[in-house]
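>>> below is the structure, and that's it, no one-letter string:
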């Protein structure tokens, strides 16, 4: 995979629902956070581009977006 999105950071729970963060990804490495949300599961995964040349995938994330990036979920400094 060359580019896409990935979710990380299920570090905090609110009433049993995890807060996760979606990241832009390049060559399998997360680059920067896109959004944090109350995670309700994964949706459909889509591939696009030309395989082995310039391709990517994105997975829809079901959940309710937070107004700001959750710093603990995104791996920024700080304690829970």
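It's in. Predicted, not measured: the structure shown is a model, and the values here were computed from it. Numbers count the residues shown, from 1 in each chain.
>>> do you know the pLDDT at residue 28?
With respect to pLDDT, residue 28 scores 79.
>>> touching, residue 7 and residue 39? I think so.
Yes: at 7.5 Å, residue 7 counts as touching residue 39 under the criterion of C-beta atoms under 8 Å. Just so you know, the C-beta spots here come from the backbone N, C-alpha and C atoms, and that holds for glycine as well.
>>> overlap in contacts of the two?
Common contacts of residue 7 and residue 39 (C-beta atoms under 8 Å, 6 or more residues apart in numbering): 20, 61.
>>> for residue 60, give me the pLDDT.
pLDDT, residue 60: 79.
>>> now it: which helix or strand?
If you go by DSSP states H and E, residue 60 is part of strand 54-65.
>>> name the residues of that strand that are buried.
57, 58, 61, 63 (16 or more other C-beta atoms under 10 Å).
>>> hmm, who's touching that strand?
Residues contacting strand 54-65 (C-beta under 8 Å, 6+ apart): 1-7, 20, 22, 35-49.
>>> list only buried entries from those.
3, 4, 5, 6, 7, 20, 22, 35, 36, 37, 38, 39.
>>> and those residues, which two are furthest apart?
Across the buried ones among the contacts of strand 54-65, the longest distance by C-beta to C-beta is 25.9 Å; it joins 3 and 38.
>>> still on that earlier bit, which of the buried residues of strand 54-65 lies closest to residue 29?
For those, the nearest to residue 29 is residue 57 (14.6 Å; C-beta to C-beta).
>>> which strand residues bridge that closest one?
residue 4, residue 47 (DSSP bridges).
>>> helix, strand, or coil at residue 44?
strand (DSSP: H, G, I helix; E, B strand; the rest coil).
>>> state the distance from it to residue 58.
Applying C-beta to C-beta, to the nearest Å, the value for residue 44 to residue 58 is 9 Å.
>>> contacts only, for residue 24.
3, 5, 30, 31, 32, 34.
>>> what about 10 Å?
3, 4, 5, 6, 30, 31, 32, 33, 34, 58 (C-beta atoms under 10 Å, 6 or more residues apart in numbering).
>>> how about the third one: what's its closest non-neighbour residue?
In this structure, residue 5 finds its nearest non-sequential neighbour in residue 58, 5.0 Å apart by C-beta to C-beta, 6 or more residues apart in numbering.
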